[in-house]
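1. one predicted model, sequence on top.
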Amino acid sequence: MNPCGPGSGKGTQSAKIAAHFGLICISVGEILRSQMLHHATSDQKWELIAQIIANGELAPPETTIEQLKQQFLKQQDARGFVVDGFPREIGQAFTFEEQIGSPDLVVFLACSSQRFRQRLEKRALEQGRLDDNPHAIERRVDTFKQNVPLIVKYYQEKGVIIRVSSVVQAQLYPDGMDKAGEGGC
């Protein structure tokens with residue numbers, strides 16, 4: 001699992017970890033964006049979720065957990081999974097463990113709020129994502145800063161979290177550090 005901040009490079013790093021160890025990478029954000037694209041015009045639930053996410057708020061936890069469960073069920077023969085961008089709040093961690101199971105490892109990519117904002121603003125220009133507007137960026141960074149201490153503490157107490165600083169990440173993957181969405185902080 002990878003409860004890292006918005007724009008931290010978690011998607012790229014999760015994909016690299018998954019590929020290296022022969023695991024399946026599941027991006028919560030990609031799943032939700034895909035569902036919104038396919039259902040937002042025909043399904044009131046997904047239309048509302050699209051508005052919530054565009055406002056920089058978290059998708060409803062029951063929706064997120066249900067989407068994750070569906071992904072796991074589709075790939076039951078997988079050796080294991082890297083879940084990118086999850087959990088975003090402590091309640092999601094509890095629900096995940098109750099309904100799915102406990103993670104073997106949680107990777108936390110440490111990054112400054114200023115760097116989050118810079119990367120998200122750059123990605124907004126390059127990719128035009130719904131949730132990369134100025135209001136949503138501020139809200140997402142604030143929500144992350146509010147929620148992450150409990151998540152980190154919870155997984156520290158379980159002994160399953162590792163923290164990778166942006167400095168170490170830059171040394172591991174120096175070629176992608178300045179590309180939004182391709183590297184890290």
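-> Done, it's in. Everything numeric in this text was worked out from a predicted model, so none of it was measured. Residues are numbered from 1 along each chain as shown.
2. next up, phi/psi of the residue nearest in space to the middle of the chain, please.
-> In the chain, the centroid-proximal residue (CA atoms, centre = their mean) is residue 85; its distance is 1.4 Å. Per-residue torsions, residue 85: phi 80, psi 30 (degrees, to the nearest 10).
3. burial count for the residue nearest to it when sequence neighbours are not counted?
-> Leaving out its chain neighbours, the residue that sits closest to residue 85 by CB to CB, 6 or more residues apart in numbering is residue 28, at 4.5 Å. Where you see a C-beta, it was placed from the backbone N, CA and C, and this is true even at glycine. Residue 28 has 22 neighbouring residues, counting by other CB atoms under 10 Å.
4. picking that back up, where's the residue nearest to the centre of the chain relative to residue 158, distance?
-> Using CB to CB, to the nearest Å, one obtains 19 Å as the distance from residue 85 to residue 158.
5. coming back round to it: correct me if wrong: the residue nearest to residue 85 contacts residue 67.
-> Yes. In this structure residue 28 lies within contact range of residue 67 using CB atoms under 8 Å: 7.3 Å.
6. okay, helices next: where are they in the chain?
-> For the chain, the helices defined by DSSP state H cover 10-21, 28-39, 44-54, 61-74, 90-99, 113-127, 134-158, 166-172.
7. OK, contacts around the residue nearest to residue 56 when sequence neighbours are not counted?
-> Closest residue to residue 56 apart from its sequence neighbours, by CB to CB, 6+ apart: residue 139 at 2.8 Å. Residue 139 is in contact with 55, 56, 57, counting by CB atoms under 8 Å, 6 or more residues apart in numbering.
8. low-confidence stretches in this structure?
-> Low-confidence segments of the chain (pLDDT under 70): 1-9, 40, 128-132, 166-185.
9. residue furthest from the geometric center of it?
-> residue 42 (26.0 Å).
10. that one and residue 36: what is the separation?
-> In terms of CB to CB, residue 42 sits 11 Å off from residue 36.
11. picking up where we left off before, now the helices of the chain as CSV including distance to residue 106?
-> What follows is those, written out as CSV (distance: least, CB to CB, whole Å):
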stretch, distance to residue 106
helix 10-21, 12
helix 28-39, 14
helix 44-54, 23
helix 61-74, 15
helix 90-99, 9
helix 113-127, 19
helix 134-158, 5
helix 166-172, 16
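12. and the contacts of stretch 80-92?
-> 1-4, 10-11, 14-15, 17-18, 21, 23-30, 58, 61, 64-65, 68, 71-72, 75, 93, 96, 103-104, 143-144, 147, 150-151, 154.
13. change it to 7 Å
-> 1-3, 10-11, 14, 17-18, 23-29, 58, 61, 64-65, 68, 72, 93, 96, 147, 150-151, 154 (CB atoms under 7 Å, 6 or more residues apart in numbering).
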